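*Asks:* Quick one, what's the 3D model for this:
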Amino acid sequence: MRSSYLASLVLATAFFSTSQSYAQQPSHRVDMSGYRIANDDSAYYRDSPLPNSMSYASGAMPVSYDAQACACAEPSCNCEEPSCGCEQGGCGCGNRGWCDKFENCSISELMGLKCCSNWEVGGWTELGYTDNNVPLSQAYNDLLSFGDVPDNVNLNQQWFYVGKKTDGSCGCDWGGRFDMIYGTDAQKTQAFGNPGAGVRGFGTWDASFDDGQYGWAMPQAYGEFAKGDLTVKVGHFFTLVGYEVVPATGNFFYTHSYTFFNSEPFTHTGVLASYKLTDKTTIHGGWVLGWDTGFDQLNSGNAFHGGFIHNISDDASFAYMATAGNFGWRDGGSKNSYQHSAVLDLKLCCDWEYVLQSDYCRTDNPGVSEFDTIGACNYVFYNVNDKTRAGTRAEWWKADGVSFYEVTAGVNFKVVDNVVFRPEWRQDWAPGIGLDEDTFAVDMVWNY
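*Replies:* Residues are numbered from 1 along each chain as shown. Below you'll find the predicted structure:
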């Protein structure tokens, strides 16, 4: 289990001498995992970004359709179909030059889906390189961070999704989503909270889909029902907790924070409801089978998952999300575990944005899992121009009395509308265990 490993890691006298026995762990991952909160009223973003949309709300460079080719006017009545070109089918991929086709077209367009269709089909390709293991990883392919296969250009994410968004504004509606990923990130995104998932090649749902340092994962497979301001999701879905996300298109940085990987869940299986309480506030609540499960349950995992998002103003939002109860693999079956994430997002003047995230996690199962983490991440972003965005992340993360620090600085270059390069430099240190190292990382994300 990731928790027992990390507890031994931070208490060890030498950071580089730690080891893990997969056979004794209910999971072959590190001590936790995470995602991120959509800082608006739409929980659908969490399910992964929409086609060609690397949202500034996530700190990532935007990717958008050609405005003239895909623009659709608002319907004259709330429940009528738009009548300004959507009925003509796709957004014009077939009539563009080769360059425009590469830059602006999506799989949805090539399939002939209308611009305003609620059906979505798409994906992205991410290739990346790091010159060092990103902590807490210290050995090649040890699964202790997303950056655990250095000194190679790796296929991190080959992502595909198909789904239908729900709209309850005109009565009842249905939808759902299915996501699949292949790459070095997949094994960290599998349902490693399932029974038997402590050994590579074993476990239920997608936990056994391993292929050396690569693998397959199906992080989402759910149905959704909507009526009015209420939506209900049933199945396997991303967590609401956190700021960063697994999908590469949802983050500014290529590497991830300690908090993201070590103090948050990635996925859940269960039922999750969202209700738009006011124009500014959306509340979420549901029941899940613990942490990181895929249509299965370990140690009788049974927990509450939910919170709220409040838009303070047009330029400020605050989100609080939590899990409480039995986390399954994470706490060994305790009923008293608790974890939360609080995110404040401020759009400042003159193209500046500031994000503050704070997480806390506590498990209290004597002799099985007694783990306590707290952390704070500060993000600052600046729009240099339409093609370039700069950012920094400064983090403090404390696990069982040992403090870890990291500072990351990077730039997003939008080569064309749907291709982004993200070089960055990262410094990690933890005086209590003698950790002091720097990492250069760069990736390319092609969204379609």
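*Asks:* Find the residue ranges of the stretch 51-200 of the chain scoring beneath the pLDDT cut-off.
*Replies:* The stretch 51-200 of the chain contains residues with pLDDT under 70 at 51-104, 114.
*Asks:* so where do the strands sit in it?
*Replies:* For the stretch 51-200 of the chain, applying DSSP state E, counting those that start in this stretch gives strands covering 119-130, 154-164, 172-183.
*Asks:* Could you list every helix and strand that the first one packs against?
*Replies:* Strand 119-130 sits against helix 107-110, strand 154-164, strand 435-447, with contacts defined as 3 or more Cβ pairs under 8 Å, 6 or more residues apart in numbering; DSSP states H and E. Where you see a C-beta, it was placed from the backbone N, CA and C, and this is true even at glycine.
*Asks:* could you dump the ones you listed to JSON lines with mean neighbour count and distance to residue 360?
*Replies:* Formatted as JSON lines, the helices and strands packed on strand 119-130 follow (neighbours: other Cβ atoms under 10 Å; distance: least, Cβ to Cβ, whole Å):
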{"stretch": "helix 107-110", "mean neighbour count": "20", "distance to residue 360": "40"}
{"stretch": "strand 154-164", "mean neighbour count": "20", "distance to residue 360": "29"}
{"stretch": "strand 435-447", "mean neighbour count": "18", "distance to residue 360": "22"}
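*Asks:* Distance to residue 330 added to those, as JSON lines?
*Replies:* Listed next are the helices and strands packed on strand 119-130 as JSON lines, based on distance: least, Cβ to Cβ, whole Å:
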{"stretch": "helix 107-110", "distance to residue 330": "36"}
{"stretch": "strand 154-164", "distance to residue 330": "24"}
{"stretch": "strand 435-447", "distance to residue 330": "24"}
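*Asks:* follow-up on the earlier one: any chance of the strands of the stretch 51-200 of the chain in CSV, plus distance to residue 440?
*Replies:* CSV is the format used below for these (distance: least, Cβ to Cβ, whole Å):
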stretch, distance to residue 440
strand 119-130, 7
strand 154-164, 15
strand 172-183, 20
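*Asks:* nearest to residue 401, of these?
*Replies:* strand 119-130 (28.5 Å; Cβ to Cβ).
*Asks:* Next, the angle from that closest one to strand 154-164.
*Replies:* Using axes from the mean of the first three to the mean of the last three Cα atoms, to 10 degrees, the inter-axis angle of strand 119-130 relative to strand 154-164 is 170 degrees.
*Asks:* the helices in this structure, which residues?
*Replies:* When secondary structure is read from DSSP state H, the chain shows helices at 2-11, 67-70, 98-104, 107-110, 258-262.
*Asks:* In this structure residue 190 contacts residue 214, no?
*Replies:* No - if you go by Cβ atoms under 8 Å, residue 190 and residue 214 don't touch, sitting 12.0 Å apart.
*Asks:* Mind checking which of those two has more residues around it?
*Replies:* residue 190 (29 against 19; other Cβ atoms under 10 Å).
*Asks:* Next one: that one from residue 341, what distance?
*Replies:* Distance of residue 190 to residue 341, given as Cβ to Cβ, to the nearest Å: 22 Å.
*Asks:* and of the helices and strands packed on strand 119-130, who's closest to residue 249?
*Replies:* strand 435-447 (5.6 Å).
*Asks:* Could you check how far the closest one is from the centre of its chain?
*Replies:* Centroid separation between strand 435-447 and its chain, computed with Cα atoms, centre = their mean, to the nearest Å, is 17 Å.
*Asks:* packing partners for that strand?
*Replies:* Right, strand 435-447 is packed against strand 119-130, strand 419-430 by 3+ Cβ pairs under 8 Å, 6+ apart.
*Asks:* list the contacts for residue 304?
*Replies:* Counting by Cβ atoms under 8 Å, 6 or more residues apart in numbering, residue 304 makes contact with 285-288, 322-325.
*Asks:* ok, now with 10 Å
*Replies:* Residues counted as contacts of residue 304 (Cβ atoms under 10 Å, 6 or more residues apart in numbering) are 270, 285-288, 322-325, 338.
*Asks:* What of residue 348?
*Replies:* Neighbour list for residue 348: 315-316, 354, 380-382 [criterion: Cβ under 10 Å, 6+ apart].
*Asks:* so residue 347 sits right up against residue 382, yeah?
*Replies:* No - counting by Cβ atoms under 10 Å, residue 382 is not a contact partner of residue 347; they are 11.8 Å apart.
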